[in-house]
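Participant: dropping a prediction and its sequence here:
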Amino acid sequence: MKQQRIKWFTLVFALSAIMFLGACHKKTPPPPPPPPPPPPAPTASLTASPNSIQAGQSTTLTWQTTNATDVSIDGIGAVQPSGSQQATPTDSTTYTLTAKGAGGTQQATARVTVTQAPPPPPPAAGPSEEELFSQSVKDIYFDYDKSDVRADQQSSLQADIEFLKQHPDIHFVVEGHCDERGSTEYNLALGDSRAGAVQSALTQGGVSASSIKTISYGKEKPFCTESNEACWQQNRRGHFVYSK
């Protein structure tokens with residue numbers, strides 16, 4: 001019985017040794033390969049130059065992307081991965097670039113401010129009607145003790161007629177004036193004749209009679225106060241005064 005136990009233990013020991021040796025010689029399987037790295041994410045940049053313009057002007061959009069297969073700009077559409085393009089926005093606009101690739105999506109923006117052009121300056125104010133009248137209408141001068149228009153005054157009279165016909169809305173007064181010689185009553189009558197002579201010549205030339213009034217001041221309002229012929233000549237006149 002004792003020998004059988006010894007044989008049994010010997011057999012178990014031998015089997016265990018065989019199994020242990022077999023396990024020691026068994027090869028360990030290799031580890032699995034690491035996963036491939038993820039695709040790189042896209043990059044994107046977008047600029048506008050200039051970034052502030054007046055309405056009607058243009059700006060240049062410039063962009064660059066990497067690792068992108070699909071690039072587009074809102075309001076423009078699909079574009080190349082990198083490039084530039086002019087744009088003429090009518091209002092202030094934020095342009096958005098979207099770059100898509102295997103590694104994801106990236107966006108970039110550029111703001112363009114549009115200002116309205118300043119209004120043109122108002123036209124320079126021209127001379128008023130009264131200023132034009134003063135610049136264009138010339139007085140008519142008379143000889144001593146005469147009320148007929150002198151020959152050398154015809155060109156001035158004709159220029160007055162042309163201006164007044166071109167400005168039919170102007171109303172005015174023809175004042176009759178005289179030099180200091182003679183009585184007050186005589187000069188009032190003479191001044192009235194001189195104003196009437198100018199009025200008659202104007203109406204005959206085509207100026208509306210309704211735009212003309214006459215008055216005589218005789219020698220009461222002299223333009224020159226010296227007692228000599230040069231001064232007296234200045235006072236013998238039909239003087240034009242603009243009526244407001």
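Facilitator: Thanks, I have the structure now.

Participant: which helix or which strand is home to Arg181?
Facilitator: Element membership for Arg181 (DSSP states H and E) is empty, with no helix or strand holding it.

Participant: mind listing the strands for this structure?
Facilitator: Secondary structure of the chain, counting by DSSP state E: strands at 43-49, 52-54, 59-66, 70-73, 77-78, 83-87, 93-101, 104-115, 140-141, 171-177, 212-218, 237-243.

Participant: redo these as a markdown table? Include mean neighbour count.
Facilitator: No exception for glycine: its C-beta is placed from N, CA and C like everyone else's. As requested, the strands of the chain are arranged in a markdown table below (neighbours: other C-beta atoms under 10 Å):
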| stretch | mean neighbour count |
| --- | --- |
| strand 43-49 | 17 |
| strand 52-54 | 14 |
| strand 59-66 | 19 |
| strand 70-73 | 17 |
| strand 77-78 | 8 |
| strand 83-87 | 13 |
| strand 93-101 | 19 |
| strand 104-115 | 16 |
| strand 140-141 | 22 |
| strand 171-177 | 21 |
| strand 212-218 | 18 |
| strand 237-243 | 19 |
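
Participant: nearest to Glu229, out of these?
Facilitator: Ranking those by distance to Glu229, with C-beta to C-beta as the measure, places strand 140-141 first at 12.6 Å.

Participant: could you list the low-pLDDT ranges of the protein?
Facilitator: Applying pLDDT under 70 to the chain flags residues 1-27.

Participant: now render the strands of the chain as CSV, adding distance to Gly206.
Facilitator: Below are those laid out as CSV (distance: least, C-beta to C-beta, whole Å):
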stretch, distance to Gly206
strand 43-49, 65
strand 52-54, 51
strand 59-66, 61
strand 70-73, 70
strand 77-78, 70
strand 83-87, 61
strand 93-101, 62
strand 104-115, 54
strand 140-141, 17
strand 171-177, 15
strand 212-218, 12
strand 237-243, 17
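
Participant: which of those sits closest to Ser147?
Facilitator: strand 171-177 (8.2 Å).

Participant: hmm, back to that, with respect to Glu129, which of the strands of the chain lies nearest?
Facilitator: Glu129 lies closest, by C-beta to C-beta, to one member of those: strand 237-243, at 7.9 Å.
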